[in-house]
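In: Please work out how this folds:
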Amino acid sequence: MRTAPKSALFITALALAVGLTGCSGAPASDGGDGQKADDKPAASSQSVADACQLFVDEGTEISNKAQELSASASTDPEAAAAALEDVQKEFEALGEKITNEEISPVYNEFVNAYGEFSTIIGEVSADPSKASEAMEKMSDTVTKVTDASKKLGEACQS
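Out: Prediction:
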């Protein structure tokens, strides 16, 4: 039981970090003219604007769930860890809807970085004594998620 506060703090920090980085890169509106999508032929009929709008609309909802986890993490770390896995699955499902050839790979980079959170949380949930060493991994993972989110925002604004 002594490790519960440390793992709760870890999960709270994780949920907060994820919530803050999740959808930081909202796309600039192209005014509906599809300017970027018309620049070159795409394997998908989905425009950059449509892919980015999908990310903003659905990704924001998913990120909001991650932020809500920070409230429950201190009282029920195991439930918060399970919920983060569900959030990861929702991000993956959203990735299946994002088919634009420019946005999809950038989004997948974001989802992969976010997936590292689920792995770290799973480790800590299975063995709370690993919370201290997981904090180091979390720092790197927060950087990866932040960088991937920034790239996604840049791709949507170009």
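In: so where do the helices sit in this structure?
Out: Chain-ordered helices for the chain, with DSSP state H as the definition, fall at 4-21, 48-73, 77-97, 103-126, 131-157.
In: can you list the ones you listed in TSV and add mean neighbour count and mean pLDDT?
Out: Any C-beta I mention is one placed from the backbone N, CA and C, and that applies to glycine too. Formatted as TSV, the helices of the chain follow (neighbours: other Cβ atoms under 10 Å; pLDDT from 0 to 100):
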stretch	mean neighbour count	mean pLDDT
helix 4-21	21	48
helix 48-73	19	82
helix 77-97	18	84
helix 103-126	20	84
helix 131-157	18	85
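In: Pretty sure residue 151 sits against residue 108.
Out: No - applying Cβ atoms under 8 Å as the test, residue 151 and residue 108 come out as separate, 11.1 Å apart.
In: what sits in contact with each of these two?
Out: Residues touching both residue 151 and residue 108 by Cβ atoms under 8 Å, 6 or more residues apart in numbering: none at all.
In: what separates residue 105 from residue 120, distance-wise?
Out: Distance of residue 105 to residue 120, given as Cβ to Cβ, to the nearest Å: 24 Å.
In: for residue 96, same thing?
Out: 24 Å.
In: repeat for residue 109
Out: 18 Å.
In: Quick check: end-to-end length of stretch 65-85?
Out: Stretch 65-85 has its terminal residues 11 Å apart, counting by Cα to Cα, to the nearest Å.
In: show me the contacts for residue 111.
Out: 88, 91-92, 95.
In: Identify the farthest-apart pair in those residues.
Out: 88 and 95 (10.7 Å; Cβ to Cβ).
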